[in-house]
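Trainee: Below: sequence and its predicted model.
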Amino acid sequence: MMDVIIADDDPTMLAILRAVVEQSGHTVVAAVRDGQAAWDAYEQNPVPLVVLDWEMPKLDGLGICRRIRASANADPFLLVVTGRKTREDLLKALDAGADDYMSKPVTPDEFAARLRIVERRIQITGARKQAELELRRARYLAGIGETSLALQHEINNPLAAMLSHAALLEAGMVEDDEKEEALATIVQQARRIGDVVKRLRQIDQP
């Protein structure tokens, strides 16, 4: 089930489109008759499907397509419905960011079939994006594993030096004239470990 915004300045066409969307099991969150109202509705609720008439008051369908594609919101499927039928018009719609194009007159059966196609395409796109996200996560975790192995060696060496000098000092096995040097070594190795920890904090998630 999808949330859908519909915009058409023809009240009859708007009613037909709305009825088909609802009969197909989807939810119409806004059914408006001008482009500005459609844009306002999308800003408030960036739905996965927006059905747009080309020619509308205040802002036409292609203008809405361009605004949506330029916005930072989600990437919806944009279906333009219009009386224009030429190849040049189709190219204009696609260039503006539309995903698909239907020529009027649109019958309920034709629109219902197109909705099923749109739904499948949205599902496929969502699955692809999820797979890409999982791949990025896997690569990130693999990188963390490799980094942790490398840093383990960088930490173990100075840590061993620190502990050995500390143990000698604690056991009283360091001559007085060598204590200052032993303490300096401990401080130096502690700083090395501190640098490694600082680098770990700078590792960001994808």
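Mentor: Arrived safely, thanks for sending. This one's a predicted model, so the numbers in the text were calculated from it and none came from an experiment.
Trainee: So which residues of this protein form strands?
Mentor: 3-7, 27-32, 49-53, 77-82, 100-103 (DSSP state E).
Trainee: Tell me how far the second one lies from the chain's centre.
Mentor: I take that to be strand 27-32. 24 Å (C-alpha atoms, centre = their mean, to the nearest Å).
Trainee: max-length helix in the chain?
Mentor: The residue-count maximum for a helix in the chain (DSSP state H) belongs to helix 108-170.
Trainee: Quick check: residue 85 touching residue 103?
Mentor: Yes: between residue 85 and residue 103 there is a contact under C-beta atoms under 8 Å: 4.7 Å. The C-beta positions use only the backbone N, C-alpha and C, and glycine is treated the same way.
Trainee: more neighbours, these two?
Mentor: Per other C-beta atoms under 10 Å, whichever of residue 85 and residue 103 has more neighbours is residue 103, with 15 against 10.
Trainee: residues in contact with that one?
Mentor: Residues near residue 103 by C-beta atoms under 8 Å, 6 or more residues apart in numbering: 81-85.
Trainee: was I right about residue 182 contacting residue 167?
Mentor: No: using C-beta under 8 Å as the test, residue 182 is too far from residue 167 to be in contact (10.5 Å).
Trainee: ok, those two, which is more surrounded?
Mentor: residue 182 (17 against 11).
Trainee: contacting residues for the more buried one?
Mentor: By C-beta under 8 Å, 6+ apart, the residues touching residue 182 are 165, 168-169, 174.
Trainee: which non-adjacent residue is nearest it?
Mentor: Using C-beta to C-beta, 6 or more residues apart in numbering and skipping the chain neighbours, the partner closest in space to residue 182 is residue 165 (4.7 Å).
Trainee: Residue 26 too?
Mentor: residue 2 (4.7 Å).
Trainee: From residue 48, how far out is that neighbour?
Mentor: 5 Å (C-beta to C-beta, to the nearest Å).
Trainee: joint contacts of those two?
Mentor: Joint contacts of residue 2 and residue 48 (C-beta under 8 Å, 6+ apart) are residue 122.
Trainee: So for the residue nearest the centre of the chain, what's the pLDDT?
Mentor: Centroid check for the chain by C-alpha atoms, centre = their mean gives residue 74 as the closest residue, at 7.4 Å. Reading off the confidence values, residue 74 has pLDDT 72.
Trainee: circling back to that earlier point, from the contacts of residue 182, list the buried ones, please.
Mentor: Among these, those classed as buried by 16 or more other C-beta atoms under 10 Å are 165, 174.
Trainee: of the contacts of residue 182, closest to residue 157?
Mentor: Proximity of these to residue 157 (C-beta to C-beta) peaks at residue 165, which lies at 13.1 Å.
Trainee: Contacts only, for that closest one.
Mentor: With C-beta under 8 Å, 6+ apart, residue 165 has these contacts: 174, 182-183, 185-186.
Trainee: now residue 58
Mentor: Applying C-beta under 8 Å, 6+ apart, the residues near residue 58 are 34-37.
Trainee: Please tell me how far residue 165 sits from residue 191.
Mentor: For residue 165 relative to residue 191 (C-beta to C-beta), the value is 14 Å.
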